[in-house]
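[1] curious how this folds, go ahead:
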Amino acid sequence: MGHSHSHHNHGHADLKGRNLFISIILNVLITVSQVIGGIISGSLSLLSDALHNFSDVLSLVISYAATKLAKREASTNKTFGYKRAEIIAAFVNAATLVVVAVILIKEAIERFLDPREIASDLVIWLSLLGILANGFSVLLLKKDSDRNMNMRSAYLHLLTDMMASVAVLIGGILMKLYAVYWVDPLLTLLIALYLIYVGYDLLRKSTRVLMLFTPDTIEVKKIVEAIGSIRSVKNVHHVHIWQLNEEEVHLEAHIDFDRDINLSEFDKILDQIEEEVYHKFGINHVNIQPEYGKCDSKKVIVQD
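    You can find the predicted model right below:
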């Protein structure tokens, strides 16, 4: 039993999809240019940037597909619809960031051991292309990145790639002026370490949602205390709290009442519970199992 406070804005979802599609096209252009330029110039940092851009293309395609799936209606065999598609996309994208970083670290170490002369002019021009294209994509996705984990994963891919292009540009200038070619693998290594840093945080957050962990911002004991303070509620037990996606946080619990109340009175108490947990804890889906005199353990707060 319970009602939802969440809202859906299909127009906004369409805008997200359009921005993602533009970013995909731009990143395909960057990737092709940097692969060709990296091979011609011999620059590992440019090739590493191209590899990162290619992972961006894949991640953006996944994010784009997830935004489309998330709009599909629920059905009898998919009662939640595809609401978790964007969380899965965020998880996959975060994992690819970490994998790409490990590959870059390996390549950087090999290049440190075997440094090569690099055509710096081509590196400079192609890194500028990467900065401009990724910078535009970052601006397109920034607004949505603050409120949607899927869009944040795409935004982080593009932001780190823009920063990588800045690093490659600086490296290209240093190589052109001073012929310090060890800068190339050093920048690659720094890019890779930053990818691990941002990728791990997003991977951790998306994993928590997929594993149905209680959101970090919610304390179960405080919810139990808040519901327990409502008149006629004797005990709150067998509590489960999980996040379905970015918009929905669910609570289910067994509530033992101090007397045998009728259904209309329970509905009034349920309204109180819903208002309490929504305004204090941001929980917008509530499912309560009422009990009176039932022989089960009332001491178990969180257990099946």
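[2] and the longest strand for this structure?
    If you go by DSSP state E, the chain has its longest strand at strand 233-243.
[3] buried residues in that one?
    Within strand 233-243, the residues scored as buried using 16 or more other CB atoms under 10 Å are Val233, Asn235, Val236, His237, His238, Val239, Ile241, Trp242, Gln243. Yep, even glycine has a C-beta here, placed from its N, CA and C like the rest.
[4] excluding its backbone neighbours, what's nearest the residue nearest the centre of the chain?
    Nearest to the mean C-alpha position of the chain, by CA atoms, centre = their mean, lies Met149 at 3.3 Å. Of all residues not flanking Met149 in the chain, Ala90 sits nearest, at 4.4 Å (CB to CB, 6 or more residues apart in numbering).
[5] wait, isn't Leu203 in contact with Val98?
    Yes. Between Leu203 and Val98 there is a contact under CB atoms under 8 Å: 6.6 Å.
[6] out of the two, which sits in the more crowded spot?
    Leu203 (21 against 17; other CB atoms under 10 Å).
[7] quick one, what contacts that one?
    Contacts for Leu203 (CB atoms under 8 Å, 6 or more residues apart in numbering) come out as Phe91, Ala94, Ala95, Leu97, Val98.
[8] now which of these would you call buried?
    Among the contacts of Leu203, those buried by neighbour count (16+ other CB under 10 Å) are Phe91, Ala94, Ala95, Leu97, Val98.
[9] tell me which element the third one is part of?
    Per DSSP states H and E, Ala95 falls inside helix 85-113.
[10] just give me how far that helix sits from the chain centre.
    Centroid separation for helix 85-113 versus its chain: 15 Å, with CA atoms, centre = their mean, to the nearest Å.
[11] give me the number of residues near Ile118?
    What Ile118 shows, counting by other CB under 10 Å, is a neighbour count of 23.
[12] ok, the buried ones among the contacts of Leu203 vs Val277, which is closest?
    Nearest to Val277 among the buried ones among the contacts of Leu203, counting by CB to CB, is Phe91 at 27.1 Å.
[13] three-state assignment of the closest residue to that closest one other than its chain neighbours?
    The shortest distance from Phe91 to any non-neighbouring residue, by CB to CB, 6+ apart, is to Ser206 (4.0 Å). Under DSSP: H, G, I helix; E, B strand; the rest coil, Ser206 falls in the helix class.
[14] same question for stretch 280-298: list its buried residues.
    Phe281, Ile283, Asn284, His285, Val286, Ile288, Pro290, Glu291.
[15] brain fart, stretch 183-194
    Val183, Asp184, Pro185, Leu186, Leu187, Thr188, Leu189, Leu190, Ile191, Ala192, Tyr194.
[16] then stretch 118-132?
    Quick answer for stretch 118-132 (16+ other CB under 10 Å): Ile118, Ala119, Ser120, Leu122, Val123, Ile124, Leu126, Ser127, Leu129, Gly130, Ile131.
[17] make CSV out of those and add distance to Arg72 and pLDDT.
    Formatted as CSV, the buried residues of stretch 118-132 follow (distance: CB to CB, whole Å; pLDDT from 0 to 100):
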residue, distance to Arg72, pLDDT
Ile118, 48, 73
Ala119, 49, 75
Ser120, 49, 79
Leu122, 45, 82
Val123, 44, 80
Ile124, 46, 86
Leu126, 39, 84
Ser127, 40, 83
Leu129, 37, 87
Gly130, 35, 83
Ile131, 37, 89
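[18] filter these down to just the ones in strands.
    Going by DSSP E, the strands hold none of the buried residues of stretch 118-132.
[19] looking at those, which is nearest Met175?
    Taking those together and measuring to Met175 by CB to CB, the closest member is Ser120, at 4.2 Å.
[20] you'd agree that closest one is up against Ile170?
    No. Taking contacts as CB under 8 Å, Ser120 lies outside contact range of Ile170: 11.2 Å.
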